[in-house]
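> My questions concern the predicted model and sequence given below.
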Amino acid sequence: MSRMMTVLALLAVFCVNRTSGQELVRGEDRIDVPARSEGLSVNNVFQSNMVLQRDKPIGVWGWSAPDEAITVTFAGNTASVKAAEDGTWKVQLPALEASAEPRSMMITGSDRTITLENILVGDVWLCGGQSNMEFEIAKVVGGNLEIVSANFPAIRLLSVPQQEGPEIKQSFPRMYKWIGFFNRHYRQGDWDVCSPETVKAFSAIGYVFARRLYMATQVPIGMIDVSRGGTSLETWTPEAVLRKIETPEVQKMLAEWDEKVASFDSQKDLEDRIRNYNARTERIRQDGGDVSGRTPPTEPRANPFVDDMNRPGNCFASMLAPLSGLAVKGAIWHQGFNNAMQPNGHVMYAQVFPKMIEAWRQTFDTPEMPFGIISLCTAGEPQDLENYALQMADEGVYIRNVQYKTYVEMTEAGDKNIGFASSFDQRRSWYHPQIKIPVGERIARWALATQYGMEKMINWQPPTYKEMVIEDGAILLHGCDRMAAYNDGPILGFAIASADGRFQPARAEHPQTGKDGRGRPQFDQTVLRLSSPLVPAPVHFRYAWGRNPLANLKASNNDDIPFATQRSDNWTAAEMSTLYTGNQPAGSGILDRREWNVMREALRKEDQRRRLFEAEQVLEEMR
């Protein structure tokens with residue numbers, strides 16, 4: 001890195017950290033640069049300190065007076081255009097090779113010139129999803145070491161502001177956004193040069209991914225964070241795309257949202273808010289609190305369902321659409337928690353997820369855009385051999401399985417740019433597991449191997465099997481030639497069931513094939529045999545089937561890549577409830593809270609049955 005580039009990078013950090021002089025007010029947003037300024041302006045994705053995508057034509061666009069002549073110059077190339085009647089304009093510059101040389105872009109109109117400085121050319125990646133992607137590096141295990149080491153002037157970071165509403169946004173503001181969940185302001189909408197100061201609030205997974213890519217390639221990396229906590233899959237999918245998915249689950253979801261929007265009564269809502277205010281005020285008074293500063297609501301509010309961040313299509317329209325037309329390299333995705341809270345949510349997830357991926361690729365005009373899936377993380381009480389069956393009752397596991405199946409099905413259909421990385425083995429009981437650094441590095445392996453020509457050096461693919469055979473009271477998985485248990489202990493995490501659907505933990509072992517010349521047993525390492533004395537006639541298996549699963553099978557070639565959450569059956573949670581309890585669900589294929597609790601009690605009894613059997617086996621051996 002030249003001394004001049006370092007000076008420019010430090011100057012850029014100083015410039016982007018400027019404030020407008022306004023105070024940050026707790027609970028309120030502050031906009032420093034609006035989405036569209038008066039007169040000649042450029043979409044706010046184009047700024048000083050940004051990275052432009054290499055090897056692709058460079059589109060630049062913005063607004064001005066109608067018919068105004070606009071000229072854009074960058075890296076010795078110039079393009080001119082006249083603005084349309086609505087003031088919009090767009091030019092296209094030739095593709096460029098990667099370059100860490102800081103260069104300036106000049107955007108000139110009839111009476112104004114905008115100068116953007118310290119621009120690099122490299123690869124631009126998106127990181128999307130919900131809070132486990134958004135979760136900042138300052139809060140993760142090992143985060144402080146990453147922060148003090150984050151001196152990478154050729155990595156640039158941008159967090160897209162969390163805008164609201166269903167209207168397609170053409171740009172985004174540069175602002176300080178109040179995020180109530182984290183109880184603080186977040187600076188959003190500004191390209192930052194990566195440094196220990198600027199990286200603190202950035203996505204941990206996104207930063208680690210970018211850091212690994214840059215360290216391996218020395219190509220400038222631009223990382224754009226479009227994640228948002230508490231969001232569902234359908235809000236990141238264009239509404240028009242969802243309307244075309246003619247399944248009962250998607251159509252029911254859309255109808256419910258349409259009803260919420262249409263039935264909102266602002267006057268009744270005001271009356272309810274006043275009633276709640278009065279009740280809250282009275283509770284505070286009875287507890288001896290001060291109510292003098294409280295004021296009752298007096299005005300009706302706008303329909304909250306219209307702008308709700310989880311209304312179908314809203315996050316796509318307000319956060320991803322402003323980037324439409326930008327040349328990018330690819331995207332990584334980590335999401336699923338909110339869909340796991342929806343009854344039978346995995347069914348709709350399977351219908352929508354491939355369509356969402358396709359829509360993102362179309363948004364960036366790249367039908368084969370690389371897209372890396374990170375599976376749903378852990379949450380809740382760890383699964384062990386005492387509560388094994390009980391912990392299988394969780395919608396999140398089905399979501400995780402759908403994410404893996406989507407990857408498998410797209411791969412089998414010939415998609416060479418779909419990636420996958422499990423995260424369930426980075427265990428924490430909290431719904432924000434703070435072990436993010438290994439997850440970012442794991443999905444970086446996929447990108448480096450498939451997009452940067454390092455497939456001979458780096459293994460990223462989850463280990464798998466080729467064929468399932470039922471034989472002699474056991475399930476045999478053939479083609480398991482790259483797998484081993486962590487710490488070389490017994491393989492844990494498989495469960496098997498007979499036709500009655502009652503899963504029990506399975507013993508997983510390589511079958512013995514004979515003995516060597518010294519009488520030592522030899523085993524077929526390419527086959528896994530799954531068996532249980534409680535399941536004499538198995539027909540299906542599941543693996544890592546718990547939200548915080550007991551599972552330890554991984555790739556054996558000095559890697560930590562897990563055997564992914566998967567199953568051979570297709571029983572839904574509702575069908576499992578019927579198999580375990582004998583009861584039919586009241587709703588059509590959907591369990592209510594009471595039915596979930598009844599099934600969990602049946603699963604608890606299944607665990608007790610196994611433990612009693614095992615105790616009797618021990619007693620028998622003692623006799």
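Received the coordinates, thanks.
> what's the closest non-adjacent residue to residue 448?
Among residues not flanking residue 448 along the chain, residue 454 sits closest, at 4.6 Å (C-beta to C-beta, 6 or more residues apart in numbering). From N, CA and C alone the C-beta is placed, and that goes for glycine too.
> Tell me where the stretch 201-350 of the chain has strands.
With strands called from DSSP state E, counting those that start in this stretch, the stretch 201-350 of the chain shows them at 221-227, 330-334.
> how about residue 340, what does it touch?
346, 376, 394-396, 398-399 (C-beta atoms under 8 Å, 6 or more residues apart in numbering).
> at 7 Å instead, please
Residue 340 is in contact with 376, 395-396, 399, counting by C-beta atoms under 7 Å, 6 or more residues apart in numbering.
> same check, this time on residue 191
Applying C-beta under 7 Å, 6+ apart as the definition, the contact partners of residue 191 turn out to be 16, 47-50, 156, 158.
> could I get these as CSV with pLDDT?
Formatted as CSV, the contacts of residue 191 follow (pLDDT from 0 to 100):
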residue, pLDDT
16, 36
47, 98
48, 98
49, 98
50, 98
156, 98
158, 98
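> circling back to that earlier point, kindly reformat the strands of the stretch 201-350 of the chain as CSV containing mean neighbour count and distance to residue 512.
Below are the strands of the stretch 201-350 of the chain laid out as CSV (neighbours: other C-beta atoms under 10 Å; distance: least, C-beta to C-beta, whole Å):
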stretch, mean neighbour count, distance to residue 512
strand 221-227, 26, 49
strand 330-334, 27, 41
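> Can I get those in JSON lines including mean pLDDT and distance to residue 533?
Formatted as JSON lines, the entries for the strands of the stretch 201-350 of the chain read as follows, by pLDDT from 0 to 100; distance: least, C-beta to C-beta, whole Å:
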{"stretch": "strand 221-227", "mean pLDDT": "98", "distance to residue 533": "46"}
{"stretch": "strand 330-334", "mean pLDDT": "98", "distance to residue 533": "39"}
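> Quick check, central residue of the chain?
Centroid-nearest residue in the chain, with C-alpha atoms, centre = their mean: residue 334, separated by 1.5 Å.
> I figured it hits residue 135, correct?
No: because the distance of 9.3 Å does not satisfy C-beta atoms under 7 Å, residue 334 is recorded as not touching residue 135.
> okay but residue 114 is in contact with residue 107, surely?
Yes: judged on C-beta under 7 Å, residue 114 makes contact with residue 107 at a distance of 4.2 Å.
> Same drill for those two, tell me which one is more crowded.
For residue 114 against residue 107, the residue with the higher neighbour count under other C-beta atoms under 10 Å is residue 107, and the figures read 23 against 17.
> does that one count as helix, strand or coil?
Applying DSSP: H, G, I helix; E, B strand; the rest coil to residue 107 yields a three-state assignment of strand.
> That one: what's it in contact with?
By C-beta under 7 Å, 6+ apart, residue 107 lies in contact with 42, 70, 72, 113-114.
> would you turn the contacts of residue 340 into JSON lines with distance to residue 296 and neighbour count?
Listed next are these as JSON lines, based on distance: C-beta to C-beta, whole Å; neighbours: other C-beta atoms under 10 Å:
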{"residue": "376", "distance to residue 296": "42", "neighbour count": "28"}
{"residue": "395", "distance to residue 296": "40", "neighbour count": "21"}
{"residue": "396", "distance to residue 296": "40", "neighbour count": "25"}
{"residue": "399", "distance to residue 296": "42", "neighbour count": "27"}
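> and those, which of them are in helices?
Cross-referencing these with the helices (criterion: DSSP state H) gives 395-396, 399 as the overlap.
> how does this structure divide into domains?
3-238+313-451, 248-298, 469-622 (automatic domain parsing).
> pLDDT-wise, which helix or strand of this structure ranks last?
Here the helix or strand of the chain ranked lowest by mean pLDDT, DSSP states H and E is helix 3-16, holding a mean of 40.
> which is the next helix or strand following it?
Going down the chain from helix 3-16, the next helix or strand is strand 30-33, by DSSP states H and E.
> I'd like the distance between the residue nearest to residue 40 when sequence neighbours are not counted and residue 41.
The shortest distance from residue 40 to any residue that is not its chain neighbour, by C-beta to C-beta, 6+ apart, is 3.9 Å, and that residue is residue 109. Look at residue 109 and residue 41: by C-beta to C-beta, to the nearest Å, they are 9 Å apart.
> likewise residue 476?
Here the distance between residue 476 and residue 41 works out to 65 Å (C-beta to C-beta).
> re the thing from before, so what pairs up with the residue nearest to the centre of the chain in the strands?
Following DSSP bridges, residue 334 is listed with bridge partners residue 129, residue 374.
> Can you give me every residue that contacts it?
The contact partners of residue 334, taken as C-beta under 7 Å, 6+ apart, are 129, 132-133, 205, 374.
> okay if I get the residues you listed as a markdown table plus neighbour count, pLDDT and distance to residue 489?
What follows is the contacts of residue 334, written out as a markdown table (neighbours: other C-beta atoms under 10 Å; pLDDT from 0 to 100; distance: C-beta to C-beta, whole Å):
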| residue | neighbour count | pLDDT | distance to residue 489 |
| --- | --- | --- | --- |
| 129 | 28 | 97 | 33 |
| 132 | 26 | 94 | 29 |
| 133 | 26 | 96 | 32 |
| 205 | 32 | 97 | 29 |
| 374 | 27 | 98 | 27 |
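> Tabulate these (a markdown table), appending distance to residue 480.
Compiled in a markdown table, the contacts of residue 334 are given as follows (distance: C-beta to C-beta, whole Å):
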| residue | distance to residue 480 |
| --- | --- |
| 129 | 31 |
| 132 | 30 |
| 133 | 31 |
| 205 | 29 |
| 374 | 24 |
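> Can you tell me which of those is nearest residue 310?
Of all those, the one sitting nearest residue 310 is residue 129; the distance, using C-beta to C-beta, is 13.6 Å.
> The closest one and residue 335 touch, don't they?
Yes: in this structure, residue 129 sits in contact with residue 335. The criterion is C-beta under 7 Å, and the distance is 3.5 Å.
> For the contacts of residue 107, pick the one with the most neighbours.
When neighbours are counted by other C-beta under 10 Å, residue 72 leads these with 27 neighbours.
> That one: helix or strand, and which one exactly?
With the criterion set as DSSP H and E, the secondary-structure element containing residue 72 is strand 69-74.
> For that strand, name the packing helices and strands.
Helices and strands touching strand 69-74, as assessed by 3 or more C-beta pairs under 7 Å, 6 or more residues apart in numbering; DSSP states H and E, comprise strand 77-82, strand 88-93, strand 99-108.
> Adding mean pLDDT and distance to residue 232 as columns, could you present those strands in JSON lines?
As requested, the helices and strands packed on strand 69-74 are exported to JSON lines (pLDDT from 0 to 100; distance: least, C-beta to C-beta, whole Å):
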{"stretch": "strand 77-82", "mean pLDDT": "98", "distance to residue 232": "39"}
{"stretch": "strand 88-93", "mean pLDDT": "98", "distance to residue 232": "32"}
{"stretch": "strand 99-108", "mean pLDDT": "98", "distance to residue 232": "37"}
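> So for residue 114 and residue 107, which residues contact both of them?
Any residue near both residue 114 and residue 107 by C-beta under 7 Å, 6+ apart counts here, and that gives residue 42.
> now residue 577: how far from residue 436?
When C-beta to C-beta is the yardstick, residue 577 and residue 436 sit 34 Å from each other.
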